[in-house]
Each structure stands twice: as C-alpha cells, then as structure tokens.
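In: any chance you could fold what I've pasted below:
(4 chains)
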There are 2 protein chains.
Amino acid sequence: MSDKPLKPTEKELEILQILWENDVVSVKDVHESLGGEATNGYTTILKLMQIMHEKGLVSRERSGKLHMYKAVLSQESTRQQMVDKMIDTVFQGSAAQLVLSALGNNRSSKEELLEIRKYLEKLEGGAS
Amino acid sequence: MSDKPLKPTEKELEILQILWENDVVSVKDVHESLGGEATNGYTTILKLMQIMHEKGLVSRERSGKLHMYKAVLSQESTRQQMVDKMIDTVFQGSAAQLVLSALGNNRSSKEELLEIRKYLEKLEGGAS
DNA sequence: ACCTATCTACGAATTTTTTCGTAAATAGTA
DNA sequence: TACTATTTACGAAAAAATTCGTAGATAGGT
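Out: Below is the predicted model:
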C-alpha cells in the first residue's frame, strides 16, 4: 500500500511552484499568479487543483467560503526526484555529465560557482 | 517558418537514447533494445518512429526493404535544452541549485568530482 | 429573507500521447 | 511465378492530460 513516486504533470508542476513560493494559497491566487483569465480559465485551475488534491499532491483546508491549499511534498524532495530521474533517463546515470551541462550555458555568477566549488571540495574530502 | 524547440515526448526520448547510442538503427533494433514484444508491440515503436520522422526529430533512409533511422538533433543539444528548461521551471533560473541537487544525492566518483572541479576552475577564470 | 458576488463540484469536451490491429508493399527463395 | 517472412502505412482505439461550461453551494450585505 505504499505511496507511489507521484509524478506531477507539467501543469501540476507550474502550480506547485506557486504553492512553494507562497506556502498557502487559494485557487484565485494561483489563477492570478499564472496570468489570470488571459492564460487559463478559472475553472481550469480549480479542476487541476482538485485533481492534485485527489492524488495527494496538495492538502487543503476550508477557510470560510474558499479552500486554502498547501503542497504536500517539499520543493526539495521533488527537485531531487526530478533531477535523479533526469540523470537516469537522459544522462545515463552520470550526475557529473548533468552538472557539466548545467554549467555549460555560462549562466552562473561568480558567487554561484564559488558556492559549488566549496561544496565540491567538501565532497572530495570523503568521496568513494 | 523557423523550427520550434521541438520537444520530444517521454517515449520519443527513450527512442532517441537508442539512436544516440547506435548512430543508425532500424525499427526492429529499437524495438528489441526496448525489451521486445514483452514491453511494446512492434507497430507501436514503428508508429512512434514514423511520427518522429514527421516531426523532424529523426531522419531515415531506405536500405533494401527497411528504413534506417538517425537522430536529427545531437544528444548534446537536446540535453542542454532539457537542462535549461529544468533550470528555468524547477530551479528558478539557478543552475547552481540544480548542480547542488545533482551532487547531493547521487554519489559521483572521485574522478567525476575532479573533472567537475577542473571545469569549474576554468569557468571561474572568466565568469561574470 | 433575498440578492449578489464568489467559489466549488462535476461532467464532459478537447487535445496530446501511446498503443495496436489490419492491410498493403517488399524482397528473398523455392 | 508463387509463397513466405518481414517491414511499412494507415487508421483508429485507448489512455493521459488539459480545458471549460453549467449548476449548485456559500457568505456577506441590504
């Protein structure tokens, strides 16, 4: 009876981003954050969030007339899960290859690179 | 009339992996590589590859009775595209965060870590 | 209590992706 | 040539994901 990996779809992921940024939000909040009626119908977002609730991706709580939603999984764990999957399916299991790709587009600042190097040195201290 | 980013679906990506590994392959090769009839019907793979051909994801050439397929996009560029997208949609634009995630869980070998650090030092030489 | 604005529930249509059955084409061989 | 095995073409079903319309519920104001 264990819970499955629970893979969010593309749209669900968009919504999750907003939940993670705001901790607790209404459907209206999400709808507006995504660009309002110009981008998606209100009931589209509502439906998506209802489905996410059924799947257990989000929890919710009544607050007067409306529902306030929270993400169940942390951003951290979801990121980890997605990165791991990408390493497996796209980089033949080599995290290093992904790293090189990620740094390849030269979008990282000096500060970020330094942070990475520090982390790296820590790892190299006790790597297999 | 410019070509769009051309986003492969999940299944298409599986097939592309095999094309990249083998350079030129038949439908049969792909079908077998993916586990044979136990995993997918032959015509399922065939159809997918025909669709990929229509989309311009692969090129093909008759060789006697059968078609030999090649990937149009390089593994490199596709990886880069996917990583960039992930950085944008999941890591709020921070490549560094993705890198930390990639190194965090998976155990990279000493050699790999060294390779990354070398690359990093090269980058740090002239980063913005 | 009634009206109104807002929100949810639900069903269903649409679109995209995946799957496969059937028929026709092809090449080799008897 | 006729038979057979293999491959392709095509259409359409099935499954998954996205979109939205309509009806009913809810809370607040008058």
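In: so the closest residue to A:R117 other than its chain neighbours versus A:S108, what's the distance?
Out: In this structure, A:R117 finds its nearest non-sequential neighbour in B:L120, 5.2 Å apart by CB to CB, 6 or more residues apart in numbering or on different chains. The way it works is simple: take the backbone N, C-alpha and C, and place the C-beta from them, glycine included. Look at B:L120 and A:S108: by CB to CB, to the nearest Å, they are 10 Å apart.
In: the two: which has the busier surroundings?
Out: Set side by side, B:L120 and A:S108 show more neighbours around A:S108, with 25 against 21, by other CB atoms under 10 Å in any protein chain shown.
In: assumed that one was part of a strand.
Out: No. Under DSSP: H, G, I helix; E, B strand; the rest coil, A:S108 falls outside any strand and is assigned coil.
In: quick check: it touching B:L98?
Out: No. Between A:S108 and B:L98 there is no contact under CB atoms under 8 Å: 9.9 Å.
In: so for stretch A:17-33, what's the average pLDDT?
Out: Here stretch A:17-33 scores 96 as its mean pLDDT.
In: what are the buried residues along that stretch?
Out: Applying a neighbour-count criterion of 16 or more other CB atoms under 10 Å in any protein chain shown, one finds A:Q17, A:I18, A:L19, A:W20, A:V25, A:S26, A:V27, A:D29, A:V30, A:H31, A:E32, A:S33 buried in stretch A:17-33.
In: looking at the residues you listed, which one is closest to chain B?
Out: A:Q17 (7.4 Å; CB to the nearest CB).
In: whichever strand or helix holds the closest one: what's the following helix or strand?
Out: Using DSSP states H and E, A:Q17 maps to helix A:10-22. On the C-terminal side of helix A:10-22, the nearest following helix or strand under DSSP H and E is helix A:27-33.
In: check whether that following helix comes near DNA strand D.
Out: No. Shown here: helix A:27-33 not in contact with DNA strand D (CB under 7 Å from any atom of the strand), separated by at least 10.3 Å.
In: and that helix, how far out from the chain middle?
Out: Centroid separation for helix A:27-33 versus its chain: 17 Å, with CA atoms, centre = their mean, to the nearest Å.
In: do a quick rundown of the strands in chain A.
Out: Taking DSSP state E to define them, one finds strands in chain A at A:58-63, A:66-71.
In: which helices and strands sit right next to the last one?
Out: By that I understand strand A:66-71. If contacts are counted by 3 or more CB pairs under 8 Å, 6 or more residues apart in numbering or on different chains; DSSP states H and E, strand A:66-71 sits against helix A:10-22, helix A:27-33, strand A:58-63.
In: could I get those as TSV with distance to DNA strand C?
Out: Shown next, in TSV, are the helices and strands packed on strand A:66-71 (distance: least, CB to the nearest atom of the strand, whole Å):
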stretch	distance to DNA strand C
helix A:10-22	9
helix A:27-33	4
strand A:58-63	8
